[in-house]
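Colleague: just to be clear, the model below is a prediction. Sequence and coordinates:
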Amino acid sequence: MAFVEITRPKPDLAVVTLNRPDRMNAMAFDVMQPLKEELEKISFDSEIRVVILTGEGTAFCAGADLQDPGYLPVFDGHTMPTIARRALRVLDDVITTIRDMTQPVIAAINGPAIGGGFCLAMAADIRIASQSAYFRAAGINNGLTSAELGLSFLLPRAVGITRSNEIMLTGRDVNAEEAERIGILSKVTANDSLMDECIATADMILRHSHLGVEMSKKMLTSSIDAGSLHGHMHHEGISQLFVRMTTENFQEAIKARKEKRLPDFKD
């Protein structure tokens, strides 16, 4: 049984599904390593232009697998402290792979996103959830920290310092309605229409030029790390000029608008 499944509802859209519903799609290492490898393959597939990440069953991802964390050959021959560092690297790599993908990633959050599952959701570019979804920074409830896998970096940038502090220090659940209100989610939908809503969002992205979308994601991601407005505006300008001068996208968009049709971008 494959713990990560890839489907293609459309030629330019990939749905990546964590497929261990009996364990709430927990982040065992033998699930996360294949997930990272599949995402890397997709990132270099020029036919795939949008990715939807979801979980099978009633949960998105329950975070650490408390029954069986799994084992990878890279752990062989190492002491426990080294295994721990290698294991953390496996999980870190999943988050950075999502952030570095050339395609926008839509998280279709179909249920609980707990601990590392919350982190996985926050790594996505767009988050849409079903009404049954909720979020929990669970590490703090387990005697650990709630700061893991980039959560203390990404969450404050989504909801602000005060809200992220309260969520991460209390370890309380944030339901889908609240998550939409404070900015974790862009949309909440009925459970049975979640994938349709995500595909509709993907379709809106797919109307635009391949390069335009890719470079827009790159600029949005890099803005989080930007040291100054001036420096980032310079970065944006170079990106805009690159698309403008190396493609016919702008001319095609103007022509299509005059002819009252959808543009046919060739980039």
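Modeller: Nice, thanks for sending it over.
Colleague: going by C-alpha atoms from here, please, whenever you check contacts or count neighbours.
Modeller: Noted.
Colleague: just for the stretch 101-250 of the chain, where's the confidence low?
Modeller: When residues are selected by pLDDT under 70, none of them lie in the stretch 101-250 of the chain.
Colleague: quick one: the helices in it?
Modeller: Using DSSP state H, counting those that start in this stretch, the helices of the stretch 101-250 of the chain run over 116-123, 151-159, 161-170, 176-182, 194-206, 210-225, 229-246, 249-258.
Colleague: who wins for proximity to L39 among those helices?
Modeller: Evaluated with Cα to Cα, the helices of the stretch 101-250 of the chain place helix 116-123 nearest to L39, the distance being 12.9 Å.
Colleague: which residues touch the closest one?
Modeller: Contacts with helix 116-123, where a contact means Cα atoms under 8 Å, 6 or more residues apart in numbering, come from 26-27, 60-64, 95-96, 98-99, 107, 109, 113, 127, 135-137, 148-151, 154-155, 184.
Colleague: swap the cut-off to 6 Å and go again
Modeller: The list of residues contacting helix 116-123 from outside it, by Cα atoms under 6 Å, 6 or more residues apart in numbering, reads C61, A62, G63, I95, A107, F135, L151.
Colleague: equivalent analysis for stretch 32-50, please.
Modeller: Stretch 32-50 has contacts (Cα under 6 Å, 6+ apart) with D12, L13, V94, M101, T102, Q103, P104.
Colleague: make TSV out of those and add neighbour count and distance to E252.
Modeller: Listed next are the contacts of stretch 32-50 as TSV, based on neighbours: other Cα atoms under 10 Å; distance: Cα to Cα, whole Å:
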residue	neighbour count	distance to E252
D12	16	21
L13	20	23
V94	22	37
M101	21	27
T102	26	23
Q103	27	22
P104	24	23
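Colleague: need the max-distance pair from those.
Modeller: With distances taken as Cα to Cα, the most widely separated pair in these is D12 and V94, at 22.0 Å.
Colleague: angle of the helix or strand R86 falls within against helix 210-225?
Modeller: Secondary-structure element containing R86, defined by DSSP states H and E: helix 80-100. With axes from the mean of the first three to the mean of the last three Cα atoms, to 10 degrees as the basis, helix 80-100 and helix 210-225 are set at 130 degrees to each other.
Colleague: in helix 80-100, what counts as buried?
Modeller: The neighbour-count check on helix 80-100 (16 or more other Cα atoms under 10 Å) flags 83, 86-87, 90-95, 97-100 as buried.
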